[in-house]
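1. Just a sequence and a predicted model for now, questions to come.
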Amino acid sequence: MNIEELSEKLGLQPITVRHHIQCLIQAGFIQTAEERSSTVGRPRIFYRIIREPPLVNYPKRGYLILSNYLINTLRSTLTDNKAKEILRKTGLEMGENTTKRLETEHEIKNWSMKTYEQFYVKDYLEQMGAEPEIVETTDKKIVYRLHNCLFFELSVKMPEIMCDVLHESFHEGLVKAMGKQMKVSRSSCLSKGDPYCEHCCTLLK
């Protein structure tokens, strides 16, 4: 079934179904399949259960520990500037890939403040568990707060890397791939002691 069919079958909103489907895909329980009714337009995305899902309960995953070691190894074996350069490239690639993924999933052909708000802030960040809150929105600006940091443990230890390099470059890659003259700035930060991370996305032209 696709999202709309699942939504109707379960009696849930599409955004709720999409959130749970994304979690099941990441856990390895669900896979996607495309169906193209014609040569014109984007294919419809359907979801199906994987016949032999992976074991996810044991052993406990240690990705946070691994990430911590990898970043510390980068910083100890390279100069600080070189390590930041590598992580900046990583953030740029993550941002660009996120935009491309959203465009494919939601058939987005042109980004605006409205599509940014709906598909990045409300859909994507909600699915990722960032607990977004829209503060202000106009045709040229959107201000939003995140009440949960996705990399909080690492960000508290090394905000100058996680927040000031990786996160900033992620947003740079994100809006660059959107093909718009946009800028995302951060005015507050959870890992630096603020009650939330507040961002402002501005359309420059």
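-> Done, it's in.
2. Please enumerate the helices of this protein.
-> Along the chain, the segments classed as helices by DSSP state H run 3-10, 14-27, 63-77, 80-106, 113-115, 126-127, 152-157, 159-161, 168-177.
3. For the ones you listed, give me a markdown table that also has mean pLDDT, distance to residue 205 and mean neighbour count.
-> Any C-beta I mention is one placed from the backbone N, CA and C, and that applies to glycine too. Output for the helices of the chain, formatted as a markdown table (pLDDT from 0 to 100; distance: least, C-beta to C-beta, whole Å; neighbours: other C-beta atoms under 10 Å):
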| stretch | mean pLDDT | distance to residue 205 | mean neighbour count |
| --- | --- | --- | --- |
| helix 3-10 | 91 | 34 | 14 |
| helix 14-27 | 85 | 30 | 16 |
| helix 63-77 | 88 | 36 | 12 |
| helix 80-106 | 93 | 18 | 16 |
| helix 113-115 | 92 | 13 | 15 |
| helix 126-127 | 88 | 29 | 16 |
| helix 152-157 | 91 | 32 | 16 |
| helix 159-161 | 91 | 31 | 16 |
| helix 168-177 | 95 | 12 | 20 |
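4. Could you chop this structure up by domain?
-> Here the domain parsing of the chain from automatic domain parsing is 3-49, 63-203.
5. isn't residue 17 right next to residue 3, touching?
-> Yes - under the criterion of C-beta atoms under 8 Å, residue 17 makes contact with residue 3 at 5.6 Å.
6. of all the helices of the chain, which lies closest to residue 52?
-> helix 14-27 (13.4 Å; C-beta to C-beta).
7. Kindly export that closest one (C-alpha atoms) in CSV.
-> What follows is helix 14-27 as a C-alpha-only set of coordinates in CSV (Å, rounded to 0.1, in the frame of the first residue of the first chain):
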residue,chain,number,x,y,z
PRO,A,14,-0.9,10.6,6.5
ILE,A,15,1.8,12.5,8.5
THR,A,16,1.4,10.1,11.4
VAL,A,17,1.6,7.0,9.1
ARG,A,18,4.6,8.5,7.3
HIS,A,19,6.4,9.0,10.6
HIS,A,20,5.9,5.4,11.7
ILE,A,21,6.7,4.0,8.2
GLN,A,22,10.0,5.9,8.3
CYS,A,23,10.9,4.4,11.7
LEU,A,24,10.1,0.9,10.4
ILE,A,25,12.2,1.5,7.3
GLN,A,26,15.2,2.6,9.4
ALA,A,27,14.8,-0.4,11.6
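8. Cheers, nothing more for now.
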